[in-house]
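Visitor: Following is a predicted model, sequence given first.
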Amino acid sequence: MNLFSQHRDADNIPSRAFFFHFERLRPVIELLARKDRLLENWYLKGDDLGEALKYRAYEDDRPTKDAMNEVADRYKGRIQPVDAIVCWNRSAGVS
């Protein structure tokens, strides 16, 4: 399942406020999980399945520290603002 959400933020919200952006997406994920339990486990995108299962995006209804650290590392040193943070759901048919 792919979800796309685009927001126009106030100037005072930095694009690198990863926790803020993950928290803003959390109510959508919670709603999906209430409709279908297969939609409750979300992970950061990776180049292969092993890497894609390495960082769970949410745990106990909160963004995980590991995911936040990984996203910060991925965008470290980039001059341009963060354009996308990609998460995926295990029920997407990948086994």
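Guide: Great, that's in hand. Residues are numbered from 1 along each chain as shown.
Visitor: element containing the nearest residue to residue 52 once chain neighbours are set aside, please.
Guide: Take residue 52 and drop its neighbours on the chain: the residue closest to it by C-beta to C-beta, 6 or more residues apart in numbering is residue 46, 3.4 Å away. Every C-beta, even on glycine, is put in place using the N, C-alpha and C of the backbone. Secondary structure from DSSP states H and E places residue 46 outside every helix and strand.
Visitor: Would you mind writing the CA trace of stretch 57-66 as PDB?
Guide: Extracted in PDB, the C-alpha atoms of stretch 57-66 (Å, rounded to 0.1, in the frame of the first residue of the first chain):
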ATOM      1  CA  ALA A  57       8.600   3.500  12.100                       C
ATOM      2  CA  TYR A  58       6.200   3.200  15.000                       C
ATOM      3  CA  GLU A  59       6.100   1.300  18.200                       C
ATOM      4  CA  ASP A  60       3.600   1.800  21.100                       C
ATOM      5  CA  ASP A  61       1.900   4.500  19.000                       C
ATOM      6  CA  ARG A  62       5.100   6.600  18.900                       C
ATOM      7  CA  PRO A  63       7.800   7.100  16.300                       C
ATOM      8  CA  THR A  64      10.800   4.900  17.200                       C
ATOM      9  CA  LYS A  65      14.100   6.400  18.200                       C
ATOM     10  CA  ASP A  66      15.900   4.100  15.800                       C
END
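Visitor: what comes up buried for that stretch?
Guide: The neighbour-count check on stretch 57-66 (16 or more other C-beta atoms under 10 Å) flags 57-58, 63-64 as buried.
Visitor: pLDDT averaged over it, what's the number?
Guide: If you average the pLDDT over stretch 57-66, you get 91.
Visitor: can you check stretch 84-92 too?
Guide: Across stretch 84-92, pLDDT averages out at 77.
Visitor: Where is the longest helix in the chain?
Guide: helix 18-35 (DSSP state H).
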